[in-house]
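Visitor: This is the structure alone, sequence omitted:
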RNA sequence: GGGGGAUUAGCUCAGUUGGCUAGAGCGUUUGACUGGCAGUCAAGAGGUCAUCGGUUCGAUUCCGAUAUUCUCCA
């Protein structure tokens, strides 16, 4: 059975059982501080479980791309070494929200596996929760009873709390779970050890394929478990593992999910998968990682040096490293795999095809950047070896520096050391790494107290901010947060006019007032579906009705910038083409920043054209039309631009400025009519990554300020040129004249210096056959160097000592002609160190020229005499 | 968010106990050789050593701040 059919059968099966099939969520999580990436199928339904979002469908099924790079389930560094762990994988899942429970979940899972997929019942085992005394929980006999209707009791095993009690986090919905395992070993092996003894023992051929979670409790902050009124089902089945089972192969990498990628790698590297263990590991690593990287970029997350982008960069670099070390790839190669992935996946995940060109460019650029990093590291490594040629152990501190500062992977350091017959002090390296981690942890330390529940409220915060900027509100809950010794309070209200940071628009600021207390709202953010107001002090009148008031001026400026962003987005598509896709956006009261896919620098003309169109649309004073609860299909019909990597519900908010011009899905706040924006001006346009450009622009007051400043500068320049009609030409002339004068001046100075140099030796005396000159000079200390080097170019056989007096301070300069320096007795540096004693100073230099300074001008003569004595002794 | 590094010619980079007349390769300009191209040779142009402050007789070099950027950790 082809993998695409396996996926299809799953979704078809649950559709036939009344499930709504929904698209998976984008991999990158945007509004949950505890999670960077989707790591389980249930993530996108977390709010439903928590009761923060209403239930839209009681039964849902989907396939969800998940990314696991750290934590108990997976460690990035292990992926590829075995045959069944992945960074990115698909999780097939079915859910019930307060609808069916254990009975149906169990019997459908069984029917699908044994009747639809035809897995041999004799290879299956199931586990149920065996109870836990410390929690006061009994074994899950209910689940066991349902299983007994399908499978022999001997194949039902009890599991521990660790394996069979599932929790989302420290608090929240949780419950016992029941896993289905399959034994893929040969009959001989099964005879030796029964499969039931290998369940949950990390055996590569006795594996869990499906986990059915029965959510029936809520874990409170005090660790107690409370029964839920509505019970839910949450299941997850690893698609790659299932495919391995159904295709009868021993490794996920032997399924048709991975074989096309590996075939391409064989083709590119000229090496055969399976012929060498290390090369095979490398191919597994690369074919796994390219999926994670490509899909995440397609979802709008570019590699970067922080947060989610950094994780993507690390995954990509790990793949490049394996390709470089074991497959001989010395140039970018991963981007060639994108086309293979597109061919495989475009029907299920169309975003990868639509973004193919961008994904390839970004990956190629990242690969090349990393290869540069590697060659820098190699260079540093070689330098280290040169200056430490007699060592047999590479210093751990140095290895860590190479890794930490220059991004050079430690395993490459070890490899290169081995090639030279050296070892690396790994303990030292680990010490450095541990210290680094400790520092980071301390810096990121944030002490968050428990929420203080004031007025319990069901569901989400009511957001009134689209229509009003002020309202009455009551505190639902609040908590204290301490970060870097600063104390904040976070407050959740029952309703609020404050816009919470989202879609690139910053959160509102303003005040909460009750009685005599005014709380300053420093920012507003969304955590899942709760509006969190960050305020500067603890609320005193927690039961009072607060007046929540948004800073109106800032809000209006922000709306200007947000609406202008939409106008500009549309203008960019007109001027540059419809390949322009939003890749990021930041809108606050001061400016707007917009990142978009485009492959070349914008010309001055293009920038002007975009500005012109936007300003035209502003002057048309187009009324903004905002529609709520538009079905997503209808919105797309209207031509609304949706973003890759954004999660949209079935009903969306559509912001329109002229249905023929700009229609976008957007939750932000906007102007009533475009005239309010007043003026639009682009400040800069530049690249931020391969294929991605960034524009920064201002509107209204800020645009006016900017233009005025530019005008002021211009008029100042004009004034300096006495009101010249063509100031640019005047400046050009001035620059040219300046250059000519400078050349003339240099020429004159050279001639003068030569002349001075010739003059200089006239006062010299002969010591032996050497011309010796020692005198006070009025030459500028900065010039004396030139003077002496001029002399060098025209005469031989001299020693010059000049003293320059400036008040009490005095400078000495010693010059010796190159021919005398060949005779190694003559050394200007040595001389100056001796003679500066007399002027109470210090100095130094090379053999042919040296300078010094001192504080006692009365010693000049002594110093000059000492110099003469030295020359006498040398001759 | 925290640590570390980097910033020198158009580009890629050298430049260690603070004083070498700031260099190399590539690119560029000019000239010579050639019918032309390519090439070879020769000569030249091109630098506020990121910015601002400090230490010092003297800072590209040492220290601090800022900006930009790379990198590791969270």
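Guide: The structure has been received and is ready for your questions. Keep in mind that this is a model prediction, so the values were computed, not measured.

Visitor: where does the residue in chain A that RNA strand B sits nearest to fall, helix, sheet strand or coil?
Guide: Here the residue of chain A nearest RNA strand B is residue A:853; by Cβ to the nearest atom of the strand that distance is 1.9 Å. Bear in mind the C-beta positions are built from the backbone N, C-alpha and C, glycine included. What DSSP: H, G, I helix; E, B strand; the rest coil gives for residue A:853 is strand.

Visitor: how close does it get to residue A:813?
Guide: Using Cβ to Cβ, to the nearest Å, we find residue A:853 at a distance of 10 Å from residue A:813.

Visitor: do residue A:531 as well
Guide: Residue A:531 is 72 Å from residue A:813, by Cβ to Cβ.

Visitor: and if you look at residue A:48?
Guide: Residue A:48 is 83 Å from residue A:813, where distance means Cβ to Cβ.

Visitor: With neighbour numbers in mind, choose between the two.
Guide: residue A:813 (24 against 21; other Cβ atoms under 10 Å).

Visitor: Do I have it right that the more buried one meets residue A:791?
Guide: No. Under the criterion of Cβ atoms under 8 Å, residue A:813 is not in contact with residue A:791, lying 11.5 Å apart.

Visitor: Please identify every residue contacting each of the two.
Guide: Common contacts of residue A:813 and residue A:791 (Cβ atoms under 8 Å, 6 or more residues apart in numbering): residue A:800.

Visitor: Which residue ranges of the stretch 601-750 of chain A form strands?
Guide: Ranges of strands within the stretch 601-750 of chain A are A:624-631, A:651-657, A:662-665, A:680-689, A:692-699, based on DSSP state E, counting those that start in this stretch.

Visitor: got these as a markdown table, with mean neighbour count columns?
Guide: Putting those into a markdown table (neighbours: other Cβ atoms under 10 Å) gives the following:
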| stretch | mean neighbour count |
| --- | --- |
| strand A:624-631 | 14 |
| strand A:651-657 | 20 |
| strand A:662-665 | 22 |
| strand A:680-689 | 17 |
| strand A:692-699 | 21 |
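
Visitor: Over to stretch A:849-862 now: how far is its first residue from its last?
Guide: Taking Cα to Cα, to the nearest Å, the first and last residues of stretch A:849-862 lie 20 Å apart.

Visitor: Residues touching that stretch, excluding its own?
Guide: Taking Cβ under 8 Å, 6+ apart as the rule, stretch A:849-862 contacts A:776, A:781, A:784-785, A:788-789, A:803, A:805, A:807-816, A:828-829, A:831-833, A:835-836, A:838-845.

Visitor: ok, now which ones touch the residue in chain A sticking out farthest from the centre?
Guide: Most distant from the centre of chain A: residue A:768, at 72.8 Å, with distances by Cα atoms, centre = their mean. Contacts here follow Cβ under 8 Å, 6+ apart; on that basis residue A:768 touches residue A:875.

Visitor: Next up, phi/psi of it, please.
Guide: phi 60, psi -130 (degrees, to the nearest 10).

Visitor: The one 5 residues further on now?
Guide: When read as degrees, to the nearest 10, the backbone of residue A:773 gives phi -130, psi 130.

Visitor: beta partners of it?
Guide: Here residue A:773 sits in beta bridges with residue A:800, going by DSSP bridges.

Visitor: Please report how far it lies from residue A:828.
Guide: Counting by Cβ to Cβ, the separation of residue A:773 from residue A:828 is 13 Å.

Visitor: So for these two, which sits in the more crowded spot?
Guide: Taking other Cβ under 10 Å, residue A:773 and residue A:828 do not tie; residue A:828 has more neighbours (25 against 21).

Visitor: My read is that the more buried one contacts residue A:812, right?
Guide: No. Between residue A:828 and residue A:812 there is no contact under Cβ under 8 Å: 10.5 Å.

Visitor: intersection of neighbour lists for those two?
Guide: Joint contacts of residue A:828 and residue A:812 (Cβ under 8 Å, 6+ apart) do not exist.

Visitor: tell me the contacts of residue A:69?
Guide: Applying Cβ under 8 Å, 6+ apart to residue A:69 gives the contacts A:37, A:76, A:87, A:292, A:311, A:314-315.
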